[in-house]
Structure formats: C-alpha cells, structure tokens
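[1] based on what follows, work out the 3D shape:
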Amino acid sequence: MKGFGMKKVYFFLTFVCCSLAAFAQQTSVTGKVVDATTNEPVPDVEVSIENTAFTATTNAEGKFNFDAFEVPLGEQIISLEKEGFLKKRYPVVINEGKVLELGTLDLEVDINEENFQIGTISLSDNELNNDESTADNLSGLLQASKDAFLNAASFDFSATFFRPRGYDSENGKVLINGIEMNKQYDGRPQWSSWGGLNDSQRNQVFTMGLKANDYTFGDIAGTTNIIMRASQYREGGRVSYASSNRSYRGRVMASYNTGLMKGGWAFSFLASRRFGEEGYIDGTLYDANSFFVSVEKQISEKHSLNFTGFFTPNRRGKSTAITQEVKDLKGRRYNPLWGYQDGEVRNSREKEIEEPVLMLNHYWDISEKTRLNTNIAFQTGMIGNSRIDNNGSKLETSNGEFYYSGGAKNPTPEYYQNLPSYHLRFPDLNANNYQAAYLAEQEFKNDGQLNWFDLYDANVDNEGNPLLSTYVIQQDRQDDTQWTFNSILTTDLSSNITLNGSLNYRMLTSEFFAEVEDLLGGSGYLDVDSFYQGYFENGKREYNYLEAQSDINNPNRIAKEGERYKYNYEIDANVATAFAQTQFKYNKVDFFVGANVSNTTYQRNGLYENGYFPGNGSYGKSEKLDFTNYGVKAGATYKVTGRHLINLNAGYITKAPSVRNSFSNARQNNDAVVDLESQEITSADVSYIFRSPTVKARLTGFYTGFAKGTDIGFYYGQNFSNLGSRTEDTNAFIQEVVTNIERRNLGGEFGVEYQVTPTIKLKAAGSYAQYVYTNNPNLYYTSDDTNLGIDMNGDGVVNSIDRAVEIGGGKAYLENYHVAGGPEKAFQVGFEYRDPDYWWIGATANYFDDAYIDVSNIQRTDNFYRDADGLPFNDYDPARARELLKQENFGNYTLVNLVGGKSWKIDDYFVGFFATINNVFDTEYKTGGFQQSRNTNYRDLNEDQSRENGAVFGNRYFFGYGTTYYLNLYVRF
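    Numbers count the residues shown, from 1 in each chain. Okay, here's the model as predicted:
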C-alpha cells in the first residue's frame, strides 16, 4: 500500500509538470498599465479583447495577462478601462503559440470623470451623515460600482430611503484595508467613524451581492473594500471647498500624497472640517473634523508595511418623525427638538462620535503567484446620544415613611397635549374646546420650539437656588474597545484557478451607560424610578422602595454632571471566522465556490444591580450566548459571446443575531431573548449582461428569503389585555420581542447606458420588487412591571422565560404585510453630456412608488380585539378592523436632479467645480414612517382614527428634502 501511495504521488507530480509545460506553450498576452502622469502602476484596470468574452484585471503592480485563455488570433483590439481615466484602445496582432508582451501601457486621467467622482463621493458622504434619513442606507457601499443601476441607487435613489433589493446596510460588508468595519452591536457600518475622508477613500473595490470577493465571504448586499494604503495614492495634493444646504453648510478639505519615493517610503495626509448651524431640517447643527495619515515602507520587493490611522470626531443635531398634523402646521423642515437658549439655537438631541482607528498592514508577496496580507486594527472611543430626561424626582417623608415625588410632562413642543387635535378629541365639542384648540394652534404656529428657560426654571426654587433636577440632559453612551486580527491569502494554483482564504478574529468590549450631561441648573439627580407604584399583594398595595433603585448597591444616589446613572453594563463580544474560496476562469465560463464558518459569543456583565431584577437578574455576568454559523455560495458567468453574458449567483448563510437583538432589555437585566436563534438567509440572482463599445446593459432577477429573524422594540402602550401587571395597570412601558420572522424579497432590476456619441450618453435604470413578511412571527413582551420574582413555569429559576408575557396569543399577524424601508419601485431616465473642453452636464428624472409605513405589531395580535378582561369586544367590527389595519402606501412621486461641472488644466494644476441641484421642482414626499403603538386595541384605535378633527396619535413620518444644492470647488496639483 505504501508503494502504491508513492506511485500516486509520482503520477500526480508528473501530471502537474506536464500541465505546466502545456500552459507554457499556450498563446498569451501580457502587459503593465501605469498612470501617464506619475508613471505609477494602476491596479483594477479592466483589460479586454474587444468583441470577445476575454477580460482580465490588473493586479497591485498594474500587471495583467491572458495566459489562462485560448485567446483569439490575428488582428485584435485591446482596450483599457478604469473609472477616472480615459479609455484607451490598442491594435495588436496575436500569433499562435507566441507570447505577446505589450510592455508598459499608460492611462491618462479623465479630468471630467475625476470631477464627477469627487462630486459624487462627496455627495454620498453628505447623505450618509444624515442620521435620520439613512440609518439603513446602502449608498456608501455602492460608490465604487460602475454599474448603471447601482450608480442610480447610490446617488439619485438614496435620498428616498430606497434600498437595492430591499436590503439593510447590515446585509453588506464594509472593509478598510481588508479589515471589517461593521459594528457588532447592530451589524451596520458606522459611516461617521470615517466620514469627511473623501479624498483618501477614492480607491474602492466593490463586489456586487454574493459574487466572488478576494478578501472576505461577504454578504448578500455586496462588499466594499476601501484601500487606504499610502503607496496606492496618486502623487500630489488637493484642496477643496464644498457648500450645501443638506446635512452641513460647508466643508473644507486638504490632502497630500507623496506616492512611493526613493527609499521605499510613501506618505499620505488629509484634514477636513464640515460645519453648519443647521442643515435642511431646522436646528440640525453639524460640527465635524477629520484627520487621516498613512505611512508605508516597502521593506523589500516582497515585503511592505503600512500604517493607517484616522480620527473623525463629529457632533450633529438630530431631528425626528412628525405627524401629518404637525407638518401641516409647521412644514416639512420643522424640528421640535431645538429651542433658543440665550439667543442661540440648542438641540436637545445630539449625536457625538469619537472613535479613532489605528491599523497596521503587512503585505507579503511570497511568490509571483502567492500573496499574504496580515492586518491588525485597534478601535476605541465613544458614541453618545443625548436627550431630555424629565423623570427627576425628590425624596419625601411622611409619617416616618419616605416616598418619591416628581417627574414632569414631556417638554417637547409637539407633544400630543399641545396640539389642536387634543382639544378637539371629544365627540360633543363646545366653545371652550374650540377656543383651547385655537390658542394651541396659534401658540404652536408662532413658536412651537423647545422652551429651555422653563426647563431651567423647574430645577430651582423661587429664590433661584438649585434643587434636585426634574429635567436633565441624559447622554446614552456606547464606549467600544475593539481589536481585530486577520490574515488574507491569495494564491494562483494555476493560470486559471485562484484560491482565496482568510482567518479573522474580533474581540470587543462595549460599555453601555447613561451619563448626566447637563443638570440644567439643578444640584443633582435622584437616581430612582420616579414612576414606581409599588405592587398589589393579597388585595393590598405594597411598597418596596429598593425596587425603584437603579443600583441597589447605591440606594438613593445623587448623580452629578459627568457621572453614570440609570444603567451601566458591559457586553463582551468575540467573533472568529474562517473563509475559503476558489475561482475558476475558462474560455466560455468563469465560476467560483466559497464557504465560511464562524463562532460568535456574547456575554452581558451588569455593573448595577437593578431594583426590579435583583441579584444575578441584573448584576454580574449573564449566561454566555454562543452561535456557530456557516455560509456557502457559488456563482458562474457563461460567456455566450463576447457581448452576451449570463451570470448566476446563489448562497445560503446563517448569521448570529446582533448584540442589540440578543438581550431583551439589556439596560435593566441579564435576560437573553427567549428561544434566540441564528438568522437563515437563502439568496439567488440571475443576470443577463450585454456590453458593446456603445451599450452596456444588465437585467437581473433576484430572490432572497429570510428566516428566524429577531427584532426588539421599546414603547409605551395603553390598555393591554393579559399584561400580568403587579400594579393592576393595563398601561406600561414595554419591550416588544419578535422572533422567528420570515421575509421574502423578490423582484428585478435593470441598468442601461448608451453612448450615443463620444460626448452624449443616455441612461436608464429601475427596480420592480416586493418585500413582504411570509409568516406570523412569535411575539412576547417584557416589562419591569410583569411577573417579577415569580417562577411562572415551575423550573425553580426566575428568568427571562418567566418574565415573557404572551400578549395577544403570542403571535403577530404580519403575513403579507410589506416590510417598511423605502420604495419597492424606482425608475430613472437621464442623460450626460461631456464636452471635450472639460465641462459636462447631466439630468435625471426619477420615479418612485410603493413605499409603506412600518406597521404596529401589537395592533396585529389577538390583543387588538380583546378587552382588558381578555374577552372580545362586544362592538368589534371585522370590516372596520381591516380598514384600520390596512398598511399605508405613501404613493408615487417624481424627483428631477441636475448635475454638472467644469475642469481646467493650468500647467501642472487641475482646477474644477462640481454642482448638483436635487429635487428641482421642490416635490413633497415621505421617505418613511411608523404607526404609533400607543393605542393597542380596536376600540381605542377606532375611536382615535374616527375623530372628525384628526387622530391624536396619528402616524409619524419622515419627509424628504425639498430643493437642495451641493457645490464643490477644488484644486489638484
């Protein structure tokens, strides 16, 4: 047997040698592409033999070859194409059995295209930094794509909440120098952690969907790798200034790159500032600085070491969703979160981010065919979100007993009790009601902003002495410290087979806590639950004031500014991933197969012992959540002819739930979500691709099925049935946990560009899809008022299962409802004119339809038709119920956008500007919204929606921007 094994080895080696010899005799074409100005290699250039299916891509050294193919013989045209450069065509003659060495080929910078790139990347950055409108936006992922549809989705569709194929940003991966940047808390990239670095982020490699990616397994929405490596930047500098009325009002940026110098060193630097007292929405301040440095040392021909660091501290004022009543009174730019303090605008909700990132990258060319990239990254800092806390209380005594008094009305000016509809809510109105409504209307229209003076006044006595604060500014903090290690291998097993693999490990410790940011003139904040009502036991109300404590170990603590209060805990998250992929390229077909496996663990460590959840219920370490996941994918491109291609990709992925969706109420206790499972995703797409010198087109059909999803929501609701309240109250602030969510995303998309003349291009793009729930998921509720300390299932332990209340039968009847998240239908037609004298102009008309409201889950449970006693309402009307529960469609609308620019070359300087006007005709439209869950049952919702003068708790909406502009001026040298 041993001898037989050696014979097999000899046979295998002989076969390999003969194969290599055969390959050596093949006809091949090789060359190197460089920048005509700097003579530096240009990677990722698409090199093709025109009117054939043969394409190749230049590597990091700018080299390419066609030795993996049976290339066509005779006279051919080799074309070189890369975004930002002028396309070049070279006539060649290919002889059988010969190697055609083309030597060094140069590409010239396309001044018009560079101008367009500068503007569109800046424009996308402007949109991404609007927290309210693009929390789930994928536009940042798509910047590097040359696909007509994805360009439309990134720059023209993104302002409407449109999401390609209905995917969230958590379904895509963002890498910087091969290191994943998606947050473990919610799976989404935190764009602001590297915002304002536009000039240093122009080197991007985008992989669409589940297609083969050299760095990582990826995800269904695609993968973008931003290359921030010093040697990869074109030598020179750039200074620019931008003006806008969207997120910020102004931006100044300066950058300089040395390129690779003698001695093997390369340096790159950037600094920028973005600023504005408010954007398009009133009161939304913008204050951001960005700094970037990259240093690379080419140690030898095989080894290079790169350091990259960036720090982008930023602070932004928020806005919020408003009802139609509020919009009609104040307009779509209205923002209730700000008011004047000492003559200056102050926003009560601000988001601050300070998260410096440092990374060290080692590049090792082991051989001509094998490359190893090893990286280590460190990220630390804070994300803070501020808001008004109006629950401050005071410690009172009576008859030797102490109790808590305090709390105050919500100070937000658009609070429902401040609006006309509240005063006109009665069925039989009188003169007093109309007078109260008129006065409320006039006060709201004439002012309608936050009254900071009243907040300060409530925190002092009549003499102006500070009291314990009723109102404070609370900042909800997330302080992350994360280490990431990975190693990425690429090796050419043969001239047509490439193996990719990587090992990744991420280690995260997150601190979550509330901090008193501003006492608003008070002396301190009593850290207790001012809403504590005690509980009923044996028909009598009892009180245990330890339950009201945020931290039993520090009862009745007085929190000062800068101190933690309310909640304080850590999350430890560790993820280990292994990925492997093989790519095959042949004359008529290219295909790949890939797989990954991962292990994810989460553990909560409570630093406060919450009074409602004493002992290990909130204090100390929770159980460790452990998830083992995997994914497989495959794809193929069949080259029917050089112009006609068929592409197919499919995959099956399991994903661990995010930290956010793993603990039902992490701020108060250690409870994990009951029956928590990994999400399962099945996805496939098929495309027809046509490409010629004048026409590029793609038509794609796609399907994605989601199963075992989880989502958690928090809100205050009224008139729950079967709440299990110890206070015998049917109203509560609850945590709504939805599990086993199934969804289906099905549709088609297309993009086409037609180069009518060398200067005129026509383009069209569109998507027609449907995103719906396909089951009735499980649903339960938890609260600090339900089943506390009671072993409901008799297993001898009081845990999350005992505290889970199945209100309304434990199901949310969501089947066939649409998943909210932007228009399901989007279409574009447009043109571009690019003059040889380096000016250009373009216009697009964009049509949108079928965007839906985010529905209330509790209103779609059995609780909806049940009275407080659990029995059905005697006045329940099924027909009226269907009308009340019909999902709102926002309707269709059309937006027209204009874009243009001009460039000049003056000696060694390039000077230019880019300008765009969006929504030229100032169209009003809704980008999103949600149903309020305050009214949880049929009787309350019917009464509210039937009011002649409008609902008190109507749907809340996000409204799109009206006419806006963006102007960018730059000088490059």
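
[2] any idea how many residues pack against residue 550?
    26 (other Cβ atoms under 10 Å). The C-beta positions use only the backbone N, C-alpha and C, and glycine is treated the same way.

[3] isn't it up against residue 526?
    No. When contacts are counted by Cβ atoms under 8 Å, residue 550 is not listed as touching residue 526 (9.9 Å).

[4] contacting residues for residue 539?
    Going by Cβ atoms under 8 Å, 6 or more residues apart in numbering, residue 539 touches no other residue.

[5] where's residue 150, which helix or strand?
    helix 148-155 (DSSP states H and E).

[6] so how far is that helix from its chain's centroid?
    17 Å (Cα atoms, centre = their mean, to the nearest Å).

[7] pLDDT averaged over it - what is it?
    For helix 148-155, mean pLDDT rounds to 89.

[8] next, give phi and psi for residue 232.
    Residue 232 has phi and psi values of phi -90, psi 0 when expressed as degrees, to the nearest 10.

[9] for residue 202, see how far away it is.
    Residue 232 sits 10 Å away from residue 202 when distances are taken as Cβ to Cβ, to the nearest Å.

[10] what of residue 762?
    For residue 762, the distance to residue 202 - Cβ to Cβ - is 27 Å.

[11] quick one: residues contacting residue 423.
    Residue 423 neighbours (Cβ under 8 Å, 6+ apart): 433-434, 436-437, 440.

[12] between those, which is closest to residue 343?
    residue 440 (26.0 Å; Cβ to Cβ).

[13] need the contact list for the spatially closest residue to that closest one that is not a sequence neighbour.
    Distances taken as Cβ to Cβ, 6 or more residues apart in numbering put residue 420 closest to residue 440, at 5.2 Å, once the chain neighbours are dropped. Contacts for residue 420 (Cβ under 8 Å, 6+ apart) come out as 325, 329, 437-438, 440-441, 444, 949.

[14] residue 947: which element?
    If you go by DSSP H and E, residue 947 is not part of any helix or strand.

[15] that one touches residue 421, doesn't it?
    Yes. Checked against Cβ under 8 Å, the pair residue 947 and residue 421 is within contact range at 7.2 Å.

[16] between those two, who's got more neighbours?
    When neighbours are counted by other Cβ under 10 Å, residue 947 and residue 421 differ, and residue 421 comes out ahead with 21 against 15.

[17] where along the stretch 101-250 of the chain do the helices fall?
    Secondary structure of the stretch 101-250 of the chain (DSSP state H, counting those that start in this stretch): helices at 111-128, 148-155.

[18] what's the last one packed up against?
    For helix 148-155, the contact count by 3 or more Cβ pairs under 8 Å, 6 or more residues apart in numbering; DSSP states H and E identifies helix 111-128, strand 695-717, strand 732-755, strand 760-773, strand 825-834 as packing neighbours.

[19] using PDB, write down the CA coordinates of that helix.
    The C-alpha trace of helix 148-155 is given here as PDB (Å, rounded to 0.1, in the frame of the first residue of the first chain):
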ATOM      1  CA  ALA A 148     -25.700  51.900 -14.200                       C
ATOM      2  CA  PHE A 149     -28.400  50.700 -11.800                       C
ATOM      3  CA  LEU A 150     -26.200  50.800  -8.700                       C
ATOM      4  CA  ASN A 151     -25.000  54.300  -9.600                       C
ATOM      5  CA  ALA A 152     -28.600  55.400  -9.800                       C
ATOM      6  CA  ALA A 153     -29.300  53.700  -6.400                       C
ATOM      7  CA  SER A 154     -26.300  55.300  -4.800                       C
ATOM      8  CA  PHE A 155     -26.700  58.900  -5.900                       C
END
